[in-house]
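> how does the following fold in three dimensions:
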Amino acid sequence: MYMLKKLTLTTAAISLMYIGGAITASDKNIAYAENNTVPVAPASLQSPSEGKQPILGASVATEEQLLAFARSVNPDFPADLPKLYIEIGNTYGIRGDIAFCQMIKETGYHRFGGIVDANQYNYAGIGAVGNSKTNKGNFFLSPEEGVRAHIQHLYAYASTDDLPEGEPLVDPRFNYVTRGIAPNWQNLNGKWAVPGKGYGEEILKIYSKVLSTSAASK
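The predicted model follows:
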């Protein structure tokens with residue numbers, strides 16, 4: 001009983017560590033365990049290890065939102081890519097909407113201009129390393145194959161399962177990935193991109209902007 005009394009919290013503010021620093025929360029924002037002695041942080045204040053965004057899952061953003069957001073930056077953005085990301089993502093159980101945001105980051109809203117060219121249909125920089133124009137990464141035959149390769153590469157990072165039945169392997173670097181090493185988008189930091197600090201978080205920032213986009217604005 002003495003130890004339980006020592007653990008009892010007053011109504012004073014409680015400092016919780018979250019992402020970049022301390023978040024101060026009053027007792028009314030804290031959920032207590034049944035004995036009213038041990039505080040449990042609500043979902044909005046959970047630590048980074050508890051609040052990471054899984055790569056696997058169903059898309060939330062719509063095709064219309066994805067296209068509207070992309071065209072708000074690049075009016076010439078291809079109309080077929082949102083549908084491909086959602087549909088192929090669903091086949092693999094991958095968040096196609098967030099994979100689309102990764103593509104936006106990698107291609108500069110489909111403007112390219114880096115190592116990879118638009119005619120490679122390489123939307124994720126697969127095989128492209130360094131800054132040399134002689135090492136441009138992999139080429140794919142069509143937008144559909146390029147999206148499928150991207151989704152498969154994410155699948156290699158996020159899952160240890162075999163490819164869905166009937167799906168051809170088109171990602172040439174699939175078997176170079178340690179399977180299941182990155183179940184969350186934040187886990188891609190330092191793995192998909194090197195040094196890659198904040199890589200996953202940058203993708204999720206784009207996704208957050210997508211969610212605030214009205215499809216009617218396209």
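
> give me the neighbour count for residue 154.
When neighbours are counted by other Cβ atoms under 10 Å, residue 154 registers 27. Quick note: C-beta positions are derived from backbone N, CA and C, even for glycine.

> please identify the helix or strand for it.
helix 143-158 (DSSP states H and E).

> mind listing what's buried in the very next helix or strand once past that helix?
Next in sequence after helix 143-158, counting helices and strands by DSSP H and E, comes helix 199-211. Neighbour-count burial for helix 199-211, with 16 or more other Cβ atoms under 10 Å as criterion, is recorded at 199, 200, 202, 203, 204, 206, 207, 210.

> do stretch 153-169 as well
153, 154, 155, 156, 157, 158, 159, 163.

> show me which of these is closest to residue 71.
Distance to residue 71, by Cβ to Cβ, is smallest for residue 154 among the buried residues of stretch 153-169, at 23.9 Å.

> thought that closest one was touching residue 101?
No - at 11.9 Å, residue 154 and residue 101 do not qualify as touching, with contact defined as Cβ atoms under 8 Å.

> give me every residue that touches residue 159.
Residue 159 sits next to 56, 93, 179, 180 when contact means Cβ atoms under 8 Å, 6 or more residues apart in numbering.

> quick check, pLDDT for the most centrally placed residue in the chain.
The residue lying closest to the centre of the chain (Cα atoms, centre = their mean) is residue 185, at 4.0 Å. At residue 185, the model reports a pLDDT of 98.

> for residue 86, same thing?
Residue 86 is given a pLDDT of 99.

> so what's it closest to, chain neighbours aside?
Of all residues not flanking residue 86 in the chain, residue 96 sits nearest, at 4.6 Å (Cβ to Cβ, 6 or more residues apart in numbering).

> pretty sure the one you found sits against residue 102.
No - taking Cβ under 8 Å as the definition, residue 96 is not a contact partner of residue 102, at 10.3 Å.

> how is this protein partitioned into domains?
2-45, 63-217 (automatic domain parsing).

> highest average neighbour count across those domains?
domain 63-217 (a mean of 18; mean count of other Cβ atoms under 10 Å).

> quick check: the farthest pair among the buried residues of stretch 153-169?
Once Cβ to Cβ is applied, the buried residues of stretch 153-169 give 157 and 163 as the farthest pair, at 13.8 Å.

> JSON lines for the domains of the chain, including distance to residue 51?
Shown next, in JSON lines, are the domains of the chain (distance: least, Cβ to Cβ, whole Å):
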{"stretch": "domain 2-45", "distance to residue 51": "7"}
{"stretch": "domain 63-217", "distance to residue 51": "9"}
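
> which one of those lies closest to residue 52?
That would be domain 63-217 among the domains of the chain, by Cβ to Cβ, at 3.8 Å.

> chain center to that closest one: distance?
9 Å (Cα atoms, centre = their mean, to the nearest Å).

> wait, isn't residue 66 in contact with residue 210?
Yes - Residue 66 is within contact range of residue 210, at 6.2 Å (criterion: Cβ under 8 Å).
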